[in-house]
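Trainee: Provide a 3D model corresponding to the input given below.
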Amino acid sequence: MSNEKKYDPFLGFNQLSEMWDKQITGLLYNFADNKEFVRTASIGINSYSMYLEKLKKSQELFASLMNIPTKKDVANAAKLSIQTEEKIDILEEQIWKLQDSVNSITKENVGMFEETLSIVIQMKYEFQKIAKEVAETKKVQADLLELRKEIERDLIGSVREKPKKESEKKQDKELVLSGSNK
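Mentor: Prediction:
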């Protein structure tokens, strides 16, 4: 029993397909070598391509009348879709770059605004300080003006009294000299 061979169906199928392959290859080789066959095949292929072209045109015509997209329309739409996707990708990259630059500018602006705010606060403090100093200066100026007026009044009064005193002294001298009493 060990010497007996088992039947393999794939081996028979393989032999049969090789036999058919050799016969068909030989037949095609004989036809391809034949000038008459090549000429006939050429005429058949030309007429087939002509009918195929007419069929394609009539399909396009019917599709356009029925408002149905053709293979060509779908291919154009796909091409436009791909181009649109590429442009969208480019725009996305530009938007990302723009966002990055806006973020950096925003950070710079925040720094600048903080610095400006600190300067404004400092200026406000300085302005309040100067306003107090101006108020004090006005008060001192008013006090000085009042003192000046008092001094002027005293001077004017002393100047008026001086001639009176001098005239009284002259009168006293004259009285003393004349010896009369008034």
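Trainee: pLDDT averaged over stretch 134-154 - what is it?
Mentor: The pLDDT scores in stretch 134-154 average 91.
Trainee: From the chain's centre, how far out is that stretch? Work that out for me.
Mentor: Mean-position distance between stretch 134-154 and its chain equals 63 Å (CA atoms, centre = their mean, to the nearest Å).
Trainee: which SSE is Met112 in?
Mentor: According to DSSP states H and E, Met112 maps onto helix 71-178.
Trainee: Which residues does stretch 94-106 contact?
Mentor: For stretch 94-106, there are no external contacting residues (CB atoms under 8 Å, 6 or more residues apart in numbering). In short, each C-beta sits where N, CA and C put it, glycine included.
Trainee: just stretch 52-64 next, same as before
Mentor: Under the contact criterion CB under 8 Å, 6+ apart, stretch 52-64 has outside partners Ile68, Pro69, Thr70, Lys72, Asp73.
Trainee: Report how many residues lie close to Phe37.
Mentor: Using other CB atoms under 10 Å, the number of residues around Phe37 comes to 13.
Trainee: one step back: please identify, among the contacts of stretch 52-64, the one with the most neighbours.
Mentor: Going by other CB under 10 Å, Thr70 tops those with 15 neighbours.
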